[in-house]
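Trainee: Quick one, structure for this:
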Amino acid sequence: MLDLTSHRACQLAFSDGHTHDFTLFKESIGYSLPQSTLVFVDLGYLGILKFHENTFIPAKRSKHHLLTQEDKQLNRKIAKMRIEVERYNAKFKTFQIMAQPYRNRRKRFELRAELICGIINHEMM
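Mentor: Okay, the predicted model is just below:
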């Protein structure tokens, strides 16, 4: 989870093996997230409104339902917020811990990931 006011990672979640982001969200912080928190997500989180009502999710276009101008403007605003998360992910991947298979002890993965986030948070100050 990234705090957009300070541009810092404030919470990490991990799982064993391949797990979808939304499943990890539901298992880790989905139920304990304060309702006053604004959440900006992508279309991979369809159904998040059942868990957190203060969420902004882009409007989905289909063959029979084209997007209106208001929907397109809302999608652009959400994308502008989400780009901060993608920039943080890119900085995290420069350390190669998430870009390549992790070959060290699994027990230390979380500690190393949190240390890398601390380095990036310090750099962003």
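
Trainee: can you give me the helices in the protein?
Mentor: Ranges of helices within the chain are 21-28, 69-93, 109-124, based on DSSP state H.

Trainee: what's the closest of those to Glu53?
Mentor: Nearest to Glu53, of all those, is helix 21-28, at 14.6 Å by Cβ to Cβ. Quick note: C-beta positions are derived from backbone N, CA and C, even for glycine.

Trainee: got the helices of the chain as CSV, with distance to Cys10, mean pLDDT and mean neighbour count columns?
Mentor: Formatted as CSV, the helices of the chain follow (distance: least, Cβ to Cβ, whole Å; pLDDT from 0 to 100; neighbours: other Cβ atoms under 10 Å):
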stretch, distance to Cys10, mean pLDDT, mean neighbour count
helix 21-28, 13, 81, 15
helix 69-93, 11, 88, 13
helix 109-124, 9, 84, 14
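
Trainee: Turn the ones you listed into JSON lines, columns for distance to Val39.
Mentor: What follows is those, written out as JSON lines (distance: least, Cβ to Cβ, whole Å):
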{"stretch": "helix 21-28", "distance to Val39": "9"}
{"stretch": "helix 69-93", "distance to Val39": "10"}
{"stretch": "helix 109-124", "distance to Val39": "19"}
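
Trainee: and the gap between Thr68 and Ile57?
Mentor: Noted for Thr68: a distance of 16 Å to Ile57, by Cβ to Cβ, to the nearest Å.
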